[in-house]
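Novice: here are the coordinates; sequence isn't available:
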């Protein structure tokens, strides 16, 4: 082909102005069969690559440290003396306690119960004092109510305490049946007598109590005569001073003590008095 040929001229114009002196390089850059350039290696200086590299290194170091620590835990530990271990635990307990402001109080120590020796004598136990048992009230007899029967029992009990015979009991009961119908009476003449326990009142001068004894006659004070036990004792004492009273009738013996204006009135109560005395001395 001649250089002046127009087609050759066009081909010459299409070639690059700068050419490499390397025949291989020239062959790669011209013609249909040129070989593409090999890919270039990425540079390490970019930021994403640096971050990825740093992260990988950190993970490797962490795994290495974890493996070393696990190996240290699995390794057998040296045995410390027991005294050091107890001291450490005590120090930890003190530290925990000092940090708590609302900790509970330490539990009280429970001392072991001493066991009694076989030869030791047992300690006697003290029994609680028993409350005094109030005696049952006597069952009324001979047509009396409970209050009359209670007063009759007082008269009989005082006579038994003074070791008086059964006949004296009958005389005393018959006298009280006639004088007060076995009620502890106050006196309308003596307002003081109403200040003491009583079961009614009478108006026969200053006579008071079961036996209607008069303070003005020397039988005792109003307070004393208003006590059934005192009045009964005063009657038995006066009866015992009567010579031969044991051989007298109930009416005569009662009249010798009472000096009543109706000396025969006591006889009507003898049978009932005997029944009551028998019921209270069984």
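Specialist: Great, that's in hand. All of these numbers come straight from a predicted model, not from anything done at the bench.
Novice: pLDDT below threshold where in the protein?
Specialist: Residues of the chain meeting the criterion pLDDT under 70: 1-124.
Novice: tell me where it has strands.
Specialist: Along the chain, counting by DSSP state E, strands occupy 186-187, 201-202.
Novice: nearest to residue 275, of those?
Specialist: strand 201-202 (25.3 Å; Cβ to Cβ). For glycine as for every other residue, the C-beta is placed from the backbone atoms N, C-alpha and C.
Novice: quick one: strands adjacent to the closest one?
Specialist: Paired neighbours of strand 201-202 in the sheet (DSSP bridges): strand 186-187 (parallel).
Novice: for the stretch 101-250 of the chain, which segments count as helices?
Specialist: Applying DSSP state H, counting those that start in this stretch to the stretch 101-250 of the chain gives helices spanning 146-161, 166-180, 222-225, 228-240, 250-258.
Novice: which of those sits closest to residue 212?
Specialist: helix 166-180 (4.2 Å).
Novice: show me what that closest one is packed up against.
Specialist: Here helix 166-180 touches helix 146-161, helix 228-240, helix 250-258, helix 270-280, going by 3 or more Cβ pairs under 8 Å, 6 or more residues apart in numbering; DSSP states H and E.
Novice: turn the strands of the chain into TSV, columns for distance to residue 129 and mean neighbour count.
Specialist: As requested, those are exported to TSV (distance: least, Cβ to Cβ, whole Å; neighbours: other Cβ atoms under 10 Å):
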stretch	distance to residue 129	mean neighbour count
strand 186-187	37	24
strand 201-202	41	17
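Novice: dump those into CSV; add distance to residue 126 as well.
Specialist: As requested, the strands of the chain are exported to CSV (distance: least, Cβ to Cβ, whole Å):
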stretch, distance to residue 126
strand 186-187, 47
strand 201-202, 50
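Novice: so which of those strands is nearest residue 208?
Specialist: strand 186-187 (4.9 Å).
Novice: how far away is residue 263 from residue 157?
Specialist: 28 Å (Cβ to Cβ, to the nearest Å).
Novice: test my guess that residue 140 contacts residue 146.
Specialist: Yes - taking contacts as Cβ atoms under 8 Å, residue 140 lies within contact range of residue 146: 5.7 Å.
Novice: these two: which has the busier surroundings?
Specialist: residue 140 (16 against 11; other Cβ atoms under 10 Å).
Novice: spit out the contact partners of that one.
Specialist: 146, 148-149 (Cβ atoms under 8 Å, 6 or more residues apart in numbering).
Novice: and for residue 193?
Specialist: Applying Cβ under 8 Å, 6+ apart, the residues near residue 193 are 186-187, 201, 208, 222, 226.
Novice: max pairwise distance over the residues you listed: which two?
Specialist: 201 and 222 (12.7 Å).
Novice: hmm, who's touching stretch 229-237?
Specialist: 154-155, 158-159, 162, 164, 168, 172, 175, 209-211, 213, 219-220, 224-225, 257.
Novice: what comes up buried for that stretch?
Specialist: 230-236 (16 or more other Cβ atoms under 10 Å).
Novice: for those, give me JSON lines that also has distance to residue 268.
Specialist: Putting the buried residues of stretch 229-237 into JSON lines (distance: Cβ to Cβ, whole Å) gives the following:
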{"residue": "230", "distance to residue 268": "27"}
{"residue": "231", "distance to residue 268": "21"}
{"residue": "232", "distance to residue 268": "21"}
{"residue": "233", "distance to residue 268": "25"}
{"residue": "234", "distance to residue 268": "24"}
{"residue": "235", "distance to residue 268": "19"}
{"residue": "236", "distance to residue 268": "22"}
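Novice: okay, now the nearest residue to residue 177 once chain neighbours are set aside: neighbour count?
Specialist: Distances taken as Cβ to Cβ, 6 or more residues apart in numbering place residue 269 nearest to residue 177, at 4.1 Å, with adjacent residues excluded. Neighbourhood size, residue 269 [other Cβ under 10 Å]: 23.
Novice: same check, this time on residue 247
Specialist: Residues contacting residue 247 under the criterion other Cβ under 10 Å number 9.
Novice: same check on residue 241?
Specialist: Neighbour number of residue 241 under other Cβ under 10 Å is 10.
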